[in-house]
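J.: Okay, here's the prediction I keep looking at, along with the sequence it came from:
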Amino acid sequence: MEDLETFRILLAAFHRQVKTLNKIVAVQPLGILYLRCERFKENTLPSPKDLLVVIENTLPRIGRAKIDALAMEAQDMQTFLEIEPRTTENYVEYLMFLENATTKVDQMELAMDYTKELYDIIEEFKVPCGAEDISNYSGFSVTLSSLRTYVEMKVSDKLKIISKFNDQINKDISSLIQEVGSIKDEATQPWLIDIESNLEEAKKMLDTYVTQLEDCQKRAAEYRAHQRAFKLEVTRFDMLDEVMSDVKLRQLLWESVGEWDKIVEQWTAVEFNTLVPEDMGAITAKQVKNIHQFEKGLPPNLIVPRFKENVEAMRDKVGTPVFILPVITNLRNPALKQRHWIKVENTLNHKFIPDEVITLKLLEDVGVFLFPAELQEISGQASSEAGLETLLKKVEEAWKTLEFVVLPHRDMKDVYILGGVEEIQQTVDESNINMNTIASSRHVGPIKPRVDEWIKQLDLFSTTLDVWLSCQQSWLYLESIFSAPDIQRQLPTEAKMFLIVDKSFKEIMRRTAKVIVACVNF
């Protein structure tokens, strides 16, 4: 709102300026001078007068606008409060309005105080103002006082209004419950769980009932919210929840039947290697769970037994649906190789044609589900063989990067000795353990030649390393002895023999220093 004190200051200033300028004498003798002020007065006086006119036009306009707005707001409030609510929505709107009515009147009185100050300024500075505006201003004080009295009366009657509201909302709730009962009668018609009924028609009708019940739930939630807002007893809509559960269970029945038919058709037609046993198991388990709900929550009908029979037929073919479908899982084992598929063909007494698209339907036709134990054995063998191959590969990879630690001997040129062999010895021990594990398995067959060769090489390596270390230890001891000329003269035969060993050992170590990988030919 406009700052009225600013208007007051400006009016006082402009009136003072006009008054001062009007006091200026047109002609004033000053000794030998003759001062003429007419032109100065003519040029300056219009400015404060014009500004006064602007303010004097503005203030009444502001006052008129304020009073008109307040009068309209007061009339709207009076009119709204005089209308008797008839519907629940009317009562809610009326009570919410009444909740804020006193605050609104307080705000109107604050606005009226502002307007009073404005008209006081108009009166103080004798600002021209229409008689109608003054009359409206004076009359609105009475209107506002009457409005406050009326609002206070209505507020005091709030409990009575709430009582009437409670009666009305209870009528609406009764009507809603009747509507739910009517939907229940329609939704529980026998044809909606009749095996001869058209699936799409039944689903469409149940969808309609669900939509209607969702609308009922929305209205019920609104009624409960209104009751809580006005501290009334909150109604329970147990029947609505029960009917919604019944209808959704029927809806789920038809959806499950339709989805199951589609998914089974898809499973039997797609390439077998694209099937995911875990997904199949989860879907089957979900449908078994749904069937339990149908048996518990629906009246006797022919759809559920037929559906149960279809689901169990699939389950019985492939085992329990707890997490996996065993037969399919066994045949989808990534460890299966050509030799295993040959065993599968022999078990089934069926030869698969190269590039033939294998489907679940084809496997069923050739009797794959008649040999669950045999297929499990083949799959288990494949997994075991794959595990053995992985373990063998681990041993092979370990030796690819294993190196001897070769150190220079003293300050002698091109003379080396073996450093620590702890890592090599540990690898030898681990490799022997792994090889014994592999060799003892009854599924070692496909890799037995490689395993036998590794066992042979590891034994040779271990023996060689022991001899090597023993030789090095003796060489280190004797090298310092036979390097002395006196010993060479005293023991010429022994010195000659040591020289042969010394030359051979140094040559072996020079070659080792050039190729430090522990196993070159494994």
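T.: Now that the structure is in, tell me what you want to look at.

J.: Please identify the buried residues of stretch 442-461?
T.: Across stretch 442-461, burial judged by 16 or more other C-beta atoms under 10 Å covers 443, 444, 447, 451, 454, 455, 457, 458, 461. Using the backbone N, CA and C atoms, a C-beta is placed for each residue, glycine as well.

J.: swap that for stretch 195-215, please
T.: For stretch 195-215, burial by neighbour count (16+ other C-beta under 10 Å) applies to 197, 202, 203, 205, 206, 209, 210, 212, 213.

J.: Which pLDDT value belongs to the fifth one?
T.: Looking back up the chat, that one is residue 206. Note on residue 206: pLDDT of 95.

J.: The second one too?
T.: We note a pLDDT of 93 for residue 202 in this prediction.

J.: check contacts around it.
T.: Going by C-beta atoms under 8 Å, 6 or more residues apart in numbering, residue 202 touches 191, 192, 250, 254.

J.: now the fourth one
T.: Residue 205 makes contact with residue 192, according to C-beta under 8 Å, 6+ apart.

J.: what about dumping the CA coordinates of stretch 224-234 to CSV?
T.: Listed next in CSV are the C-alpha coordinates belonging to stretch 224-234 (Å, rounded to 0.1, in the frame of the first residue of the first chain):
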residue,chain,number,x,y,z
ARG,A,224,-12.2,-39.8,5.9
ALA,A,225,-9.9,-36.7,5.4
HIS,A,226,-12.9,-34.4,6.0
GLN,A,227,-13.9,-36.3,9.2
ARG,A,228,-10.4,-36.1,10.5
ALA,A,229,-10.2,-32.4,9.7
PHE,A,230,-13.3,-31.6,11.7
LYS,A,231,-12.6,-34.1,14.5
LEU,A,232,-15.5,-36.4,13.6
GLU,A,233,-15.5,-40.2,14.0
VAL,A,234,-13.6,-41.6,11.1
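
J.: Now do it: everything it contacts.
T.: With C-beta under 8 Å, 6+ apart, stretch 224-234 has contacts from 88, 92, 95, 162, 165, 166, 169, 235, 237.

J.: how about the strands of the protein, start to end?
T.: With DSSP state E as the criterion, the chain has strands at 27-30, 33-36, 406-408, 416-418.

J.: Mind putting those into TSV with distance to residue 395, mean neighbour count and mean pLDDT?
T.: Formatted as TSV, the strands of the chain follow (distance: least, C-beta to C-beta, whole Å; neighbours: other C-beta atoms under 10 Å; pLDDT from 0 to 100):
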stretch	distance to residue 395	mean neighbour count	mean pLDDT
strand 27-30	127	9	80
strand 33-36	125	10	81
strand 406-408	24	14	79
strand 416-418	23	19	77
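
J.: JSON lines please, covering those strands and showing distance to residue 245.
T.: Below are the strands of the chain laid out as JSON lines (distance: least, C-beta to C-beta, whole Å):
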{"stretch": "strand 27-30", "distance to residue 245": "105"}
{"stretch": "strand 33-36", "distance to residue 245": "104"}
{"stretch": "strand 406-408", "distance to residue 245": "80"}
{"stretch": "strand 416-418", "distance to residue 245": "81"}
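
J.: Pull up the per-residue confidence for the residue nearest to residue 435 when sequence neighbours are not counted.
T.: Take residue 435 and drop its neighbours on the chain: the residue closest to it by C-beta to C-beta, 6 or more residues apart in numbering is residue 455, 5.2 Å away. pLDDT for residue 455: 85.

J.: cool, and residue 37?
T.: The model reports residue 37 with a pLDDT of 80.

J.: Repeat that for the one 3 residues further on.
T.: Each residue has a pLDDT score; the one for residue 40 is 82.

J.: Grab the nearest non-local neighbour of it.
T.: residue 24 (7.3 Å).

J.: wouldn't the one you found be in contact with residue 36 here?
T.: No: using C-beta atoms under 8 Å, residue 24 is not in contact with residue 36; the gap is 11.0 Å.

J.: give the contact list for residue 385.
T.: By C-beta under 8 Å, 6+ apart, the contact list for residue 385 reads 335, 443, 445, 446, 447.

J.: Once you drop chain neighbours, what's closest to the fourth one?
T.: The shortest distance from residue 446 to any residue that is not its chain neighbour, by C-beta to C-beta, 6+ apart, is 5.8 Å, and that residue is residue 385.

J.: same question, the third one
T.: By the measure of C-beta to C-beta, 6+ apart, the closest residue to residue 445 outside its immediate chain neighbours is residue 385, 7.9 Å from it.

J.: rewinding a little: including neighbour count, distance to residue 65 and pLDDT, could the contacts of residue 202 go into TSV?
T.: Below are the contacts of residue 202 laid out as TSV (neighbours: other C-beta atoms under 10 Å; distance: C-beta to C-beta, whole Å; pLDDT from 0 to 100):
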residue	neighbour count	distance to residue 65	pLDDT
191	11	69	93
192	22	66	91
250	25	64	95
254	22	66	94
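
J.: Among those, which one sits closest to residue 19?
T.: residue 250 (93.2 Å; C-beta to C-beta).

J.: OK, contacts around that closest one?
T.: Counting by C-beta under 8 Å, 6+ apart, residue 250 has contacts 187, 192, 193, 202, 206, 298.

J.: wait, doesn't residue 475 sit right on residue 499?
T.: No: under the criterion of C-beta under 8 Å, residue 475 makes no contact with residue 499, lying 11.8 Å away.

J.: neighbour count winner among these two?
T.: residue 475 (19 against 12; other C-beta atoms under 10 Å).

J.: Got the confidence number for that one?
T.: For residue 475, the pLDDT comes out at 83.

J.: Once you drop chain neighbours, what's closest to it?
T.: Leaving out its chain neighbours, the residue that sits closest to residue 475 by C-beta to C-beta, 6+ apart is residue 505, at 5.2 Å.

J.: And the pLDDT for the one you found?
T.: Reported pLDDT for residue 505: 81.

J.: Quick one: residues contacting it.
T.: Applying C-beta under 8 Å, 6+ apart to residue 505 gives the contacts 471, 472, 475.

J.: I'd like the residues you listed as CSV, with distance to residue 55 appended.
T.: Below are the contacts of residue 505 laid out as CSV (distance: C-beta to C-beta, whole Å):
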residue, distance to residue 55
471, 121
472, 117
475, 121
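
J.: so can I have CSV of the contacts of residue 250 showing distance to residue 311?
T.: Converted to CSV, the contacts of residue 250 look like this (distance: C-beta to C-beta, whole Å):
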residue, distance to residue 311
187, 25
192, 21
193, 17
202, 19
206, 21
298, 16
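
J.: Looking at these, which are in helices?
T.: 187, 202, 206 (DSSP state H).

J.: Residue 373 - how many residues pack around it?
T.: 7.

J.: just the one 10 residues further on next, same as before
T.: Taking other C-beta under 10 Å as the neighbour definition, residue 383 ends up with a count of 17.

J.: Repeat that for the one 5 residues further on.
T.: Using other C-beta under 10 Å, the number of residues around residue 388 comes to 22.

J.: For residue 390, see how far away the spatially closest residue to it that is not a sequence neighbour is.
T.: Nearest residue to residue 388, sequence neighbours excluded (C-beta to C-beta, 6+ apart): residue 438, at 5.0 Å. Counting by C-beta to C-beta, to the nearest Å, the gap from residue 438 to residue 390 is 10 Å.

J.: What of residue 370?
T.: Using C-beta to C-beta, residue 370 is found at 32 Å from residue 390.

J.: More neighbours: these two, which one.
T.: Each of residue 370 and residue 390 has its neighbours counted (other C-beta under 10 Å); residue 370 has more, 13 against 10.

J.: quick one: that one from residue 99, how far?
T.: Applying C-beta to C-beta, the value for residue 370 to residue 99 is 77 Å.

J.: quick one, domains of this protein?
T.: 4-156, 162-252, 400-514 (automatic domain parsing).
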